[in-house]
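Asker: Here is a sequence together with a model predicted from it:
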Amino acid sequence: MELEMSLRQALERDEFFLEFQPIINVGGDCLVGAEALVRWQHPAQGRVMPGTFIPLAESSGLIIPLGEWVLRKACEKMKEWRDAGLPPVKLSVNISGRQFEQRNFTALVDEVLKETGVDARALQFELTETSLMKDAGATVSALYKLKELDLRIVVDDFGTGYSSLAYLKNFPIDHIKIDRSFVMDICDDPDDRSIVEAIVAMANKLNLDVVAEGVETREQRDLLLDLGCHEMQGFLFHRPLPEEKFVELLRDVR
Ligand code: G
Ligand code: G
Ligand code: MN
Ligand code: NA
């Protein structure tokens, strides 16, 4: 309860900030973009991680203004980086089901894109399988509305939700992100290896891009490459970085 109270004040007090975890095309050895991850600098408790406050923000409804803050901040950063002459990169933003369900969500996104002048094609929305499947009928039309803006849709935590694969055909999805739980044991567990292999093969057939998250070791990296997954994110490459560090990386992109 106390945390919820201070979460309410945190937006006004400007206590949130973003970190950026690079996403790498390992085959091509280049930076393709980053995932924006929100953090909360609590005045007394120090840094609070989203695993703690996002569920609270969702249950209290605060995720609506917080999600809007994240989206706006992410687009403002893309604009700043572009204005500074840095190379263009894709930025992924996590969108909670509660945000996505809002009737005016597409209008908000359109407004933020116009305000910041960001190219929608450089923006990716990560939606979890679970939030996409909550109301599949409503999801299809909401996704098509969003897609009219020309941004990219990524299914986050792919493979962990209780869902039918038919949605991959019916929803306008561009990209799937293989959940960390499959990557974790990929080298030791033949089942996980088979699952990842099947996901990559299916993604290729359906013309979807695929990214693996939670890559921590060289062995995982090599095996993923063998299985045809080239895009990766994980501690092996970079942890989520403060903006200054991410900008340093961007400067090094030729
Ligand atoms: O950054 P970290 O790995 O601790 O993130 C934990 C969880 O919080 C992840 O599942 C991530 O998707 C979620 N998360 C991080 N930033 C955001 C955000 O801006 N919005 C939403 N809805 N979830 C986020
Ligand atoms: O659910 P989502 O995919 O949005 O989660 C992103 C979260 O995954 C962030 O909290 C980030 O810190 C975490 N993460 C990113 N790379 C790794 C990794 O290699 N290992 C582990 N354990 N967590 C990671
Ligand atoms: Mn994510
Ligand atoms: Na994920």
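Answerer: Thanks, I have the structure now. Residues are numbered from 1 along each chain as shown. Ligands and ions are numbered 1, 2, ... in the order given.
Asker: neighbours of residue 216, just the number please.
Answerer: Residues contacting residue 216 under the criterion other C-beta atoms under 10 Å number 14. Glycine gets a C-beta too; all of them are placed from N, C-alpha and C.
Asker: same check, this time on the one 3 residues further on
Answerer: The tally of other residues near residue 219 (other C-beta under 10 Å) stands at 13.
Asker: For it, pull up the helix or strand it's in.
Answerer: Using DSSP states H and E, the element containing residue 219 is helix 218-226.
Asker: and that helix, what other elements does it pack with?
Answerer: Using 3 or more C-beta pairs under 8 Å, 6 or more residues apart in numbering; DSSP states H and E as the contact criterion, no secondary-structure element is in contact with helix 218-226.
Asker: got the residues of the stretch 151-254 of the chain near ligand 1?
Answerer: Counting by C-beta under 6 Å from any ligand atom, the residues of the stretch 151-254 of the chain lying close to ligand 1 are residue 240.
Asker: re earlier: okay, now the sheet partners of the helix or strand following the helix holding residue 219, with direction.
Answerer: Past helix 218-226, further along toward the C-terminus, the next helix or strand under DSSP H and E is strand 231-233. Applying DSSP bridges to the sheet, strand 231-233 is found paired with strand 16-25 (antiparallel), strand 209-213 (parallel).
Asker: Report the inter-axis angle for the helix holding residue 219 versus strand 16-25.
Answerer: 60 degrees (axes from the mean of the first three to the mean of the last three C-alpha atoms, to 10 degrees).
Asker: how far does helix 218-226 sit from the chain's center?
Answerer: Using C-alpha atoms, centre = their mean, to the nearest Å, the distance from the centre of helix 218-226 to the centre of the chain it belongs to is 22 Å.
Asker: what ranges do the helices span in the stretch 151-254 of the chain?
Answerer: Remark: helices assigned in the stretch 151-254 of the chain by DSSP state H, counting those that start in this stretch are 167-170, 180-184, 190-205, 218-226, 243-252.
Asker: Tell me which of the ones you listed approaches ligand 3 most closely.
Answerer: Taking C-beta to the ion as the criterion, helix 180-184 is the member of these that comes nearest to ligand 3, at 9.9 Å.
Asker: Against which helices or strands is that closest one packed?
Answerer: Other helices and strands packing on helix 180-184, by 3+ C-beta pairs under 8 Å, 6+ apart, are helix 190-205, strand 209-213.
Asker: Whether stretch 52-71 contacts ligand 2 - can you check?
Answerer: No. In this structure, stretch 52-71 remains apart from ligand 2 according to C-beta under 6 Å from any ligand atom; the gap is never smaller than 9.5 Å.
Asker: Quick check: mean pLDDT of that stretch?
Answerer: The average pLDDT within stretch 52-71 is 96.
Asker: okay, how far is it across that stretch, tip to tip?
Answerer: Here the two ends of stretch 52-71 are set 20 Å apart, with distance taken as C-alpha to C-alpha, to the nearest Å.
Asker: what's the answer for stretch 12-28, then?
Answerer: Its start and end residues considered, stretch 12-28 measures 43 Å (C-alpha to C-alpha).
Asker: again with stretch 223-232
Answerer: Its start and end residues considered, stretch 223-232 measures 12 Å (C-alpha to C-alpha).
Asker: Equivalent analysis for stretch 229-249, please.
Answerer: For stretch 229-249, the separation between the terminal residues is 23 Å (C-alpha to C-alpha).
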